[in-house]
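Enquirer: I'd like to go over a predicted model; first the sequence, then the structure.
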Amino acid sequence: MTPVITLTTDFGSTGEYAGVMHGVILGICPDARVVDITHHAPAQDIAWAGRTLAAAWPYFPMGTVHTAVVDPGVGSGRGVLAAAHGGHVFLAPDNGLLSGILTEEARVFRVEETRFFLSKAGGTFHGRDIFAPVAAHIAGGVALEALGPAVEPDKIVRLEWRQARAEADGTLVGEVTDVDRFGNLVTNIPAEASGARGGKAGRVRIGGGRSARIVGCYAEGKPGELVAVAGSRGFWEVSVVCGSAREAVGVEAGAEVRLEAE
Amino acid sequence: MTPVITLTTDFGSTGEYAGVMHGVILGICPDARVVDITHHAPAQDIAWAGRTLAAAWPYFPMGTVHTAVVDPGVGSGRGVLAAAHGGHVFLAPDNGLLSGILTEEARVFRVEETRFFLSKAGGTFHGRDIFAPVAAHIAGGVALEALGPAVEPDKIVRLEWRQARAEADGTLVGEVTDVDRFGNLVTNIPAEASGARGGKAGRVRIGGGRSARIVGCYAEGKPGELVAVAGSRGFWEVSVVCGSAREAVGVEAGAEVRLEAE
Amino acid sequence: MTPVITLTTDFGSTGEYAGVMHGVILGICPDARVVDITHHAPAQDIAWAGRTLAAAWPYFPMGTVHTAVVDPGVGSGRGVLAAAHGGHVFLAPDNGLLSGILTEEARVFRVEETRFFLSKAGGTFHGRDIFAPVAAHIAGGVALEALGPAVEPDKIVRLEWRQARAEADGTLVGEVTDVDRFGNLVTNIPAEASGARGGKAGRVRIGGGRSARIVGCYAEGKPGELVAVAGSRGFWEVSVVCGSAREAVGVEAGAEVRLEAE
């Protein structure tokens, strides 16, 4: 079976940083297939990287080693986690990045065995010196147990992922979490919540009362119309057909979104 | 033979979208080599993606599966095409993207067999749910005939590709189609038209009469000089040696360009 | 052994240029693993590409073929070099790009055998027509001797790499060479020079006298503090903990940096 390793970082594509991680991996595990999920997380935005990896990992083959390095605490005493969850492996700093992905059933280990690091590991680029070589060793067959001591899943650093909440009348109140390059506004209201895919259609409100009609796909709307669709990440997204909802509504990440029952 | 799959999309590199396509492909066809031609087509610019794929595909190995997803009609009734042409396979929405590539001899099929899609195909991200898995199945050996009914090549959606036209005196009149990151102005006047590669040299005019001298390569010009070269895409390009023609001439895509015979 | 080829260019990710190089390589050497170090060198900045490749190559497996194409002289009489150095192979224009990497012990050849080029090599895109196919042939086993005549290492084009200099009192005076996406200011003062990793700590001055405290890693500083760390490239870097040194100090590449002994 071909081992697959994914990378999710904030290193950007200017500079040698992401490429060097590929090089280190191929030196240890020459058969590994390395896939860049993204290197464009906003600098040091741990939650963004966590949401992105959460959306991506289920679409990779069983056994994939997902390596995420958004790491403001690099060089400090912050731990490094390796975890088995859902048939995949996750490797990331213990800074909350994985806290929205791993469940109580995950097997989690703290990576401490320096023999799996590059021999001259420094204090500023653990993506190269620790995460890449450890990912390659895991892909090559090293058991997670060999990396360091087990950790209780509820003892890892948690990051508060803001979740939508329900009001008394059934309205769900969430927020815009991300804006994609088409200007679509991705929310944290789960697509299954109501209205999705043939369910009982309600209405989405955003930007101080503007109403987005719930549709099954962009093409059901008219050009220029503000619509809400069950997005590819499994959350409601607000879009303008053939346009930019960001510009039309004039909001950014953090703006309140309401899903009203019919 | 190692199967090769290329991707040409407008998904950008921020977000998990392109990486997830790699993941889906590797889950179905673990041996596939996936090459990103670009994920930076201008949002929903079908013609741009078509021109880019047209310039790239001849340089890939025979049998490559070229997957292009610029898809404003995602989720609507627009079809999906799989076509065999020139020893390669092309997979794209039936929205004109392939209309400048496929000839009358192409064997074209409409992809309808949902058993080759992801089982939970949604309405917003067919790159992940339809194009990636179908490309992987083709790379793994599924015949195009198995994907759906044959389509006559002249029945696919056509996109008007603007072509240069000849005036009575032999002058060719075209336009700037693309501006690259060096500020070179790529035109739609074929490089073979005249003057190219040792042919009878004429003159290129742009930006209201400014004259670009035809040279064999940038290095034949003087630094700062406005020159015209037979570009790598097979069309005339207007460049400033060690500078930016976009800035020097002050034009963008769409500007008229004239190739005058000597 | 899986052959590895790296690419370092200024082609950007908009356009088909980098992807086409992958395609040409896979057509000649289907087993090659192609790693993008970066395609975002500043346009025609030979020295930038040289520094980046110098930082990256030691982290790749022995035998890797490093291909760098920042090539303002494309199409002119400038030569193409293939060199063996440190167990790796380097392929680049003879324009100084490799002059900071190759030592006197390197075996250097001038690539002249056109049978290893694409058959229709043009004058504008040697990345596709010359560098990609030659890299693939080398990865596939062609000896460097077969590519063209040997060149004395001291006869290749040299690019002046600005180096830090020592003043009478032991102070090292260098400059900012690069600014990364976090706003860290990378200098040309070697990290071993003094103060690094437990050595005798001094002080780094930048921006007209502002003082950066030497720390072992970012986490040793306080949020907002200006610090100097031994960076991943092996040079001193000036950073603001959880912030941007570029913004805090208000300097760009070229700014003077002084490392004062204690």
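Expert: Received it, and whenever you're ready, just let me know what you need. Numbering: from 1, shown residues only, chains lettered A, B, ... in the order given.

Enquirer: make it CA atoms for all contacts and neighbour counts henceforth
Expert: OK.

Enquirer: A:Gly254 against A:Val179, yeah?
Expert: No: contact criterion Cα atoms under 8 Å: A:Gly254 and A:Val179 do not qualify, at 10.2 Å.

Enquirer: so between these two, which is more surrounded?
Expert: Comparing A:Gly254 with A:Val179 by other Cα atoms under 10 Å in any protein chain shown, the one with more neighbours is A:Val179, at 20 against 12.

Enquirer: what's the residue nearest to the more buried one when sequence neighbours are not counted in contact with, if anything?
Expert: What sits nearest to A:Val179 in space, not counting adjacent residues and going by Cα to Cα, 6 or more residues apart in numbering or on different chains, is A:Leu185, at 4.8 Å. The contact partners of A:Leu185, by Cα atoms under 8 Å, 6 or more residues apart in numbering or on different chains, come to A:176-179, A:237-239, A:245-246, A:252-253.

Enquirer: who in chain A is up against chain C?
Expert: A:11-20, A:22-24, A:26-27, A:30-31, A:43, A:72-76, A:122-125 (Cα under 8 Å from any Cα of the partner chain).

Enquirer: filter those down to the buried ones, ChimeraX style.
Expert: Applying 16 or more other Cα atoms under 10 Å in any protein chain shown to the residues of chain A next to chain C, the buried members can be selected in ChimeraX as follows:
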select /A:11,12,13,14,15,16,17,18,19,20,22,23,24,26,27,30,31,43,72,73,74,75,122,123,124,125
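
Enquirer: figure out how far stretch A:123-139 is from the centre of its chain.
Expert: 19 Å (Cα atoms, centre = their mean, to the nearest Å).

Enquirer: what comes up buried for that stretch?
Expert: A:123-139.

Enquirer: and for stretch A:248-262?
Expert: A:249, A:251-252, A:255-261.

Enquirer: list the ones among the residues you listed that fall in strands.
Expert: Judged by DSSP state E, these include A:256-260 as members of strands.

Enquirer: distance to B:Ile214 and pLDDT for those residues - can I get that in JSON lines?
Expert: Compiled in JSON lines, those are given as follows (distance: Cα to Cα, whole Å; pLDDT from 0 to 100):
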{"residue": "A:Glu256", "distance to B:Ile214": "58", "pLDDT": "94"}
{"residue": "A:Val257", "distance to B:Ile214": "57", "pLDDT": "94"}
{"residue": "A:Arg258", "distance to B:Ile214": "61", "pLDDT": "93"}
{"residue": "A:Leu259", "distance to B:Ile214": "61", "pLDDT": "91"}
{"residue": "A:Glu260", "distance to B:Ile214": "64", "pLDDT": "88"}
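
Enquirer: for the stretch 51-200 of chain A, which residues are neighbours of chain B?
Expert: A:52-53, A:55-57, A:59-61, A:180-182.

Enquirer: which one of those residues has the most neighbours?
Expert: Result: A:Leu53 is most packed of these (other Cα under 10 Å), 27 neighbours.

Enquirer: show me what the helix or strand containing that residue is packed against.
Expert: For A:Leu53, the host element (DSSP states H and E) is helix A:46-56. Judged by 3 or more Cα pairs under 8 Å, 6 or more residues apart in numbering or on different chains; DSSP states H and E, helix A:46-56 is in contact with strand A:4-9, helix B:17-28.

Enquirer: export those to CSV and append columns for mean pLDDT.
Expert: Below are those laid out as CSV (pLDDT from 0 to 100):
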stretch, mean pLDDT
strand A:4-9, 98
helix B:17-28, 98
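
Enquirer: does the closest residue to A:Thr38 other than its chain neighbours have beta-bridge partners, and which?
Expert: Of all residues not flanking A:Thr38 in the chain, A:Thr8 sits nearest, at 5.1 Å (Cα to Cα, 6+ apart). Beta-bridge partners recorded for A:Thr8 (DSSP bridges): A:Thr38, A:Ala68.

Enquirer: A:Thr8 contacts A:Val69, correct?
Expert: Yes: the criterion here is Cα under 8 Å, and A:Thr8 meets it with A:Val69 at 6.3 Å.

Enquirer: follow-up on the earlier one: turn the helices and strands packed on helix A:46-56 into CSV, columns for distance to A:Ile37.
Expert: Output for those, formatted as CSV (distance: least, Cα to Cα, whole Å):
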stretch, distance to A:Ile37
strand A:4-9, 5
helix B:17-28, 4
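
Enquirer: closest one to A:Glu160 among these?
Expert: strand A:4-9 (19.8 Å; Cα to Cα).

Enquirer: my read is that A:Thr38 contacts A:Ser13, right?
Expert: No: using Cα under 8 Å, A:Thr38 makes no contact with A:Ser13, being 9.4 Å away.

Enquirer: give me the below-cutoff pLDDT ranges for chain A.
Expert: Filtered on pLDDT under 70, chain A yields the residue ranges A:194-201.

Enquirer: burial of the nearest residue to A:Ala54 once chain neighbours are set aside, as a residue count?
Expert: Leaving aside its chain neighbours, A:Ala54 sits nearest to A:Ile101 (6.0 Å; criterion: Cα to Cα, 6+ apart). A count of nearby residues for A:Ile101, using other Cα under 10 Å, gives 17.

Enquirer: so A:Ile101 sits against A:Thr52, correct?
Expert: No: contact criterion Cα under 8 Å: A:Ile101 and A:Thr52 do not qualify, at 10.5 Å.

Enquirer: could you chop chain A up by domain?
Expert: Per the record, chain A has its domains at A:4-155, A:165-261, by automatic domain parsing.

Enquirer: can you say which of these is packed in most?
Expert: domain A:4-155 (a mean of 21; mean count of other Cα atoms under 10 Å in any protein chain shown).

Enquirer: secondary structure element holding A:Ser211?
Expert: Going by DSSP H and E, A:Ser211 is in strand A:210-214.

Enquirer: next SSE downstream of that strand?
Expert: By DSSP H and E, the next helix or strand past strand A:210-214 is strand A:226-230.

Enquirer: okay, strands next: where are they in the stretch 1-150 of chain A?
Expert: With DSSP state E, counting those that start in this stretch as the criterion, the stretch 1-150 of chain A has strands at A:4-9, A:33-38, A:65-69, A:80-85, A:88-93, A:107-110, A:150-151.

Enquirer: identify whichever of those lies nearest to B:Arg162.
Expert: strand A:33-38 (35.2 Å).

Enquirer: please tell me how far that closest one is from the chain's geometric centre.
Expert: 14 Å.

Enquirer: what's the single longest strand in chain A?
Expert: Max-length strand for chain A by DSSP E is strand A:172-179.

Enquirer: now do the helix holding A:Leu53: distance to the chain's middle.
Expert: The mean C-alpha position of helix A:46-56 is separated from the chain mean by 1 Å, Cα atoms, centre = their mean.

Enquirer: ok, stretch A:241-259 next?
Expert: 21 Å.

Enquirer: cool, and stretch A:44-59?
Expert: Distance, centroid of stretch A:44-59 to centroid of chain: 1 Å (Cα atoms, centre = their mean).

Enquirer: and for stretch A:160-174?
Expert: The mean C-alpha position of stretch A:160-174 is separated from the chain mean by 21 Å, Cα atoms, centre = their mean.

Enquirer: now that stretch - C-alpha only, CSV.
Expert: Taking C-alpha atoms only, stretch A:160-174 is exported to CSV below (Å, rounded to 0.1, in the frame of the first residue of the first chain):
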residue,chain,number,x,y,z
GLU,A,160,-12.8,26.7,21.7
TRP,A,161,-14.4,26.1,18.3
ARG,A,162,-17.3,28.5,18.2
GLN,A,163,-20.4,26.5,17.5
ALA,A,164,-23.9,27.6,16.4
ARG,A,165,-26.5,27.8,19.2
ALA,A,166,-30.2,27.4,19.1
GLU,A,167,-32.7,30.0,20.3
ALA,A,168,-36.0,29.3,21.9
ASP,A,169,-38.0,29.5,18.6
GLY,A,170,-35.6,27.1,16.8
THR,A,171,-33.5,29.7,15.1
LEU,A,172,-29.8,28.7,14.9
VAL,A,173,-27.4,31.5,15.4
GLY,A,174,-23.8,31.1,14.1
